[in-house]
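S.K.: what's the 3D shape of this:
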Amino acid sequence: MKGKILGKEFWEIASYKDTTERAVKQELLQKTITCIILAFVAGTLTLLNIHKHFTFMTITTSILTIGLLIAALLCGYWKRADLATILVAILGNFIFTYYAVSGANDGFAILWITMVPLISMLWTGFRIGFLTSLYFQVLLIVIFHTGLRERMDAFYTEIFMTRFPILYLGTFTVSTWIFYQKLKMQMLSDTVGRIDPSTLIDNRLGYDLKLSTLFQEKSISNVHVAVFDVNRLKYVNDKYGHKAGDEVIISASKIIKKVFYDYDIFARVGGDEFILVSVGKSFDFEERKGQLKEATKKWKGERSSELSISCGYACGQNVTEEEYEKLLHAADEEMYRDKKLFYEANGIERRKG
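M.R.: Here you go, the predicted model:
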């Protein structure tokens, strides 16, 4: 069980990526600069290979130079870091595999493979970099420690074929550990800043960041917005204490999540206020609202037995960021109408609740 948990945690961290607008711009800039630098290095090696009359090495470094320049354009001009990453990963895997199995440059070219874990994890991201590095570890074991070893005798010495996979394993392990720990700390730092400590859902910052990610496109189809507000929280705090109030807030969060389970964003944006956003899905809000009201009526806490939630809803098609604010306002207005009905139905003066 422990192994499974660690494995799941590893891939969750490996898949983590900061998708905020600032992080995306920084990634594009870094990858553009890195591609230009590597293209310069590859271009210099191409000139050296031409001078030394290394035909196959000239071809491979020329391909790499052109590929890196195209990747730089993809990042810097077309803003497609994803396509640039795929292009560089494919080129790198192909060229370095060729170096290993062909004994290019009298076997010297294979030494570049020791740089694969560091460069691939730095440039393509931890997940793709890890898988790429693992591929080369398996490749080295196959060509140097199986029946293919005899075919490699013409290019590599016996000692080299024995030791090189172990040397590579060292760089692979160290690179994996460094980048994993770095990404884990980044993920923890980002998560702590974006999560409400009481309910363990997004806070206002987390909501704003996820919303900005959603609206990286000009418009979004089929957007549903719901606003929730816990009724009489001040009364609960005054009568039963703030721990009872915390219990009510946490329970409200859990009930909303259970009823409105198919959401893209769910955040606590105020002391007693929550916002839920769902994209590309459809549901009957009135039916869900009835389920919410029924669940809150049945709720019994350890410190309080009062839990009521007012809610409002709005939806739209092909919604821009500006139109989303109008939807949010409409949902907010409906929530206040629902809250007014609650206080009137229970004969409670609002200022006392």
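S.K.: For stretch 8-27, buried residues please.
M.R.: Residues of stretch 8-27 classed as buried: 10, 13-14, 16, 20, 24, 27 (neighbour count, 16 or more other C-beta atoms under 10 Å). The C-beta positions use only the backbone N, C-alpha and C, and glycine is treated the same way.
S.K.: If you could redo that for stretch 148-162, that was the one I meant.
M.R.: Residues of stretch 148-162 classed as buried by neighbour count (16+ other C-beta under 10 Å): 152, 155-156, 161.
S.K.: Between which two of those residues is the distance greatest?
M.R.: F155 and M161 (9.3 Å; C-beta to C-beta).
S.K.: Heading C-terminal from the longest helix anywhere in the chain, find the next helix or strand.
M.R.: Identified as the longest helix of the chain according to DSSP state H is helix 158-194. Using DSSP states H and E, the helix or strand that directly follows helix 158-194 along the chain is helix 204-214.
S.K.: tell me what that next one is packed against?
M.R.: Packed against helix 204-214 by the contact rule (3 or more C-beta pairs under 8 Å, 6 or more residues apart in numbering; DSSP states H and E) you find helix 158-194, strand 265-268, strand 273-279.
S.K.: and with 10 Å instead?
M.R.: Here helix 204-214 touches helix 21-52, helix 158-194, strand 265-268, strand 273-279, helix 321-345, going by 3 or more C-beta pairs under 10 Å, 6 or more residues apart in numbering; DSSP states H and E.
S.K.: Give me the contacts around it.
M.R.: Residues outside helix 204-214 that contact it (C-beta atoms under 10 Å, 6 or more residues apart in numbering) are 18-24, 190-191, 193-196, 201-202, 220, 223, 264-270, 273-275, 277, 279, 319, 321, 324, 328.
S.K.: how far away is L292 from L307?
M.R.: With the distance defined as C-beta to C-beta, to the nearest Å, L292 ends up 11 Å from L307.
S.K.: Spell out which residues are contacts of both of these two.
M.R.: Joint contacts of L292 and L307 (C-beta under 10 Å, 6+ apart) are 252, 255.
S.K.: Name the residues contacting each of F155 and M161.
M.R.: Residues touching both F155 and M161 by C-beta under 10 Å, 6+ apart: G107.
S.K.: tell me the contacts of the nearest residue to F155 once chain neighbours are set aside?
M.R.: Distances taken as C-beta to C-beta, 6 or more residues apart in numbering put G103 closest to F155, at 2.6 Å, once the chain neighbours are dropped. Counting by C-beta under 10 Å, 6+ apart, G103 touches 109-110, 151-156.
S.K.: now do D106
M.R.: By C-beta under 10 Å, 6+ apart, D106 lies in contact with 54, 154-156.
S.K.: That one and F56, how far apart?
M.R.: D106 sits 11 Å away from F56 when distances are taken as C-beta to C-beta.
S.K.: and what of V192?
M.R.: For V192, the distance to F56 - C-beta to C-beta - is 51 Å.
S.K.: low-scoring stretches of the chain, by residue?
M.R.: Residue ranges of the chain with pLDDT under 70: 1-7, 20, 350-353.
S.K.: Quickly list the domain ranges of it.
M.R.: Split into domains by automatic domain parsing, the chain comes to 2-194, 204-352.
S.K.: which parts of stretch 177-193 are buried?
M.R.: Applying a neighbour-count criterion of 16+ other C-beta under 10 Å, the buried positions in stretch 177-193 are 179-180, 183-184, 187, 190.
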